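**Q** Need a 3D model of the sequence below.
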Amino acid sequence: MFYVPAILIGRMVRIAVRLVRPGGGSALPGLVLSKIAPGLLVKTMASFPDGLVVVTGSAGKSTTTKMLVAIARAHGKNVFTNPSTANIAQGFYSSIIERSNIFGKIQGDVAILEMDEGHAAEITKKISPRQVTLLNVLEDQLDRFVDPAVVREKLLMVAAKAKSALVLNADDQNILLIDKEMDSKPVSWFGVKSSLISNTEHGLGNAPTYLAELSRPLVQTEVIEQSPKKTTVRVLDEDVSFALPNRGIHFALDAAAAIESARRYLGENFIPELAARTLEELPPVFARGEITTVNGVDVEFILVQNPMSFQLNLDNLPPDQEQVMVAIGRDVHDPSWLWTVDMKNMPAIDIVTGFNYAEMALRLAYDEIPVGEVVPELEDALAKFFGLPAPKSGRRTVIFSADAMRRTRRALGFVDPEAVER
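**A** Residues are numbered from 1 along each chain as shown. Here you go, the predicted model:
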């Protein structure tokens, strides 16, 4: 009974927020609940028979977690997760408000959560996870992580809290350094065949360590073939193939991470063919290569959050782009990192917008990339962009940062993060 008033207050806040902002309500209710019932998160996470599985790293958390959750559910597991990709503590409290009964109890076998790399260390001080998956360490925005070593230190703290298993990226030297600090932790590895990485211009985009290179460990799950139509992964001695909804080798790496994470969690009950079928049918996480229809025209949404996510998405952008809008929002506190992205694959831009419209327009002008119009207000820009005559071929593309992504989705009425089709 202790948590009943707190849960009810959280739900009332959630309803109030959504009345004002449809599709909102994923942060404030959780913040309120965390203040009035701070012990609820630990109590809830401790209630799952199979414990807590954590996915964290610089990039790929949302995609890997969605894949892992889908595979676990396909194997019959009842999974609690954070589908809105709210991956900090208040987001988890918000998920509890949405999924629990009034006593804070959630029915389920396991909690599989993506956790922000900057917050996971603090959260796992209170909740020791059964299993931890570490994806990568990338160069990030300087105001967020001044040095990749800071991320590495935080991920080391999370890895140290794993009770049963660590699932690590064999192709990131930062992750190999973390493994060196682990004592008697059961570790398994995922990765991408070296020839596939060397055939790309920027590889997987991992941050350099400026240290002597460590040897690649024996990999249990590895991407051995990758193309826009088929990804083949070797799981121990068995090969499985499937199509992914996203372009690029970095998404294939996410699939390998999800498969190895599922294999470790499910143990002898894991079925590689079932995992492959599940990924074949799985839509993307919203805004991660999501394709939908607006005003009767197909549009692809591409989220860019740091220099390398921008770079890898540009590297894999199809060459026949006809209508493109770029929106860089308030979340980019230090837009200087835009200058570290090689823009040579950027097509002509119809509209530049967002809080940092001027910085983005200047960056494009420096590389002489044509810009049709600069529209400071995002809502005005959306109206103009989606009011353009339909493209003669192909689809529209919106490239945006996280803040602009959230505002765009609200403006277009996409309020359900799970309502994404393949």
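**Q** So, low pLDDT: which residues of this protein?
**A** By pLDDT under 70, the weakly predicted segments of the chain are 1-2, 20-26, 83-87, 141-143, 415-422.
**Q** Phi, psi for the spatially most central residue of the chain please.
**A** With distances taken as Cα atoms, centre = their mean, Ser62 lies nearest the centre of the chain, 2.8 Å away. With angles defined as degrees, to the nearest 10, Ser62 sits at phi -60, psi -50.
**Q** pretty sure it contacts Arg288?
**A** Yes - under the criterion of Cβ atoms under 8 Å, Ser62 makes contact with Arg288 at 6.5 Å. Placement of C-beta: from N, CA and C, glycine included.
**Q** Could you list the domains of this structure?
**A** 47-83+105-281, 288-412 (automatic domain parsing).
**Q** In a markdown table, list the ones you listed along with distance to Leu19.
**A** As requested, the domains of the chain are exported to a markdown table (distance: least, Cβ to Cβ, whole Å):
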| stretch | distance to Leu19 |
| --- | --- |
| domain 47-83+105-281 | 21 |
| domain 288-412 | 14 |
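**Q** Pick the most buried one from those domains.
**A** domain 47-83+105-281 (a mean of 20; mean count of other Cβ atoms under 10 Å).
**Q** circling back to that earlier point, quick one: closest of the domains of the chain to Ala89.
**A** Of all the domains of the chain, domain 47-83+105-281 sits nearest to Ala89, with 5.8 Å by Cβ to Cβ.
**Q** Pull up the distance across that closest one, start to finish.
**A** When the termini of domain 47-83+105-281 are compared using Cα to Cα, to the nearest Å, they are 31 Å apart.
**Q** Equivalent analysis for stretch 342-349, please.
**A** Stretch 342-349 end-to-end distance (Cα to Cα) = 16 Å.
**Q** next one: it to chain centre, how far?
**A** Stretch 342-349 has its C-alpha centroid displaced from the chain centroid by 24 Å (Cα atoms, centre = their mean, to the nearest Å).
**Q** List phi and psi for Gln232.
**A** Actually, residue 232 is Thr rather than Gln. phi -120, psi 130.
**Q** That one: what's its closest spatial neighbour, skipping adjacent residues?
**A** Glu225 (3.8 Å; Cβ to Cβ, 6 or more residues apart in numbering).
**Q** Is that neighbour in contact with Phe242, as I believe?
**A** No - using Cβ under 8 Å, Glu225 is not in contact with Phe242; the gap is 11.1 Å.
**Q** any shared contact partners between the two?
**A** Counting by Cβ atoms under 8 Å, 6 or more residues apart in numbering, the shared contacts of Glu225 and Phe242 are Thr231.
**Q** hang on, Ile9 in a helix?
**A** Yes - Ile9: assigned to a helix according to DSSP: H, G, I helix; E, B strand; the rest coil.
**Q** Next, the contact list for it, please.
**A** Residues near Ile9 by Cβ under 8 Å, 6+ apart: 32-33, 36.
**Q** Then Tyr93?
**A** Tyr93 touches 10, 29-31, 33-34, 40-41, counting by Cβ under 8 Å, 6+ apart.
**Q** Please tell me I have it right and Leu412 contacts Val294.
**A** Yes - using Cβ under 8 Å, Leu412 is in contact with Val294, at 6.1 Å.
**Q** if you look at the contacts of Tyr93, which of them are in helices?
**A** Among these, the ones falling in helices (DSSP state H) are 10, 29-31, 33-34, 40-41.
**Q** all strands of the stretch 251-400 of the chain, in order?
**A** Taking DSSP state E, counting those that start in this stretch as the test, the strands found in the stretch 251-400 of the chain are 288-294, 297-303, 323-327, 349-353, 371-374, 396-400.
**Q** Which other helices and strands does the first one contact?
**A** Packed against strand 288-294, as judged by 3 or more Cβ pairs under 8 Å, 6 or more residues apart in numbering; DSSP states H and E, are the following elements: strand 297-303.
**Q** Now with 10 Å, please.
**A** When contacts are defined as 3 or more Cβ pairs under 10 Å, 6 or more residues apart in numbering; DSSP states H and E, strand 288-294 packs onto helix 61-74, helix 249-266, strand 297-303, helix 307-315, strand 396-400, helix 402-412.
**Q** And those: which comes nearest Pro284?
**A** Nearest to Pro284, of all the helices and strands packed on strand 288-294, is helix 61-74, at 7.1 Å by Cβ to Cβ.
**Q** and the angle for that closest one with helix 249-266?
**A** Relative orientation of helix 61-74 versus helix 249-266 (axes from the mean of the first three to the mean of the last three Cα atoms, to 10 degrees): 40 degrees.
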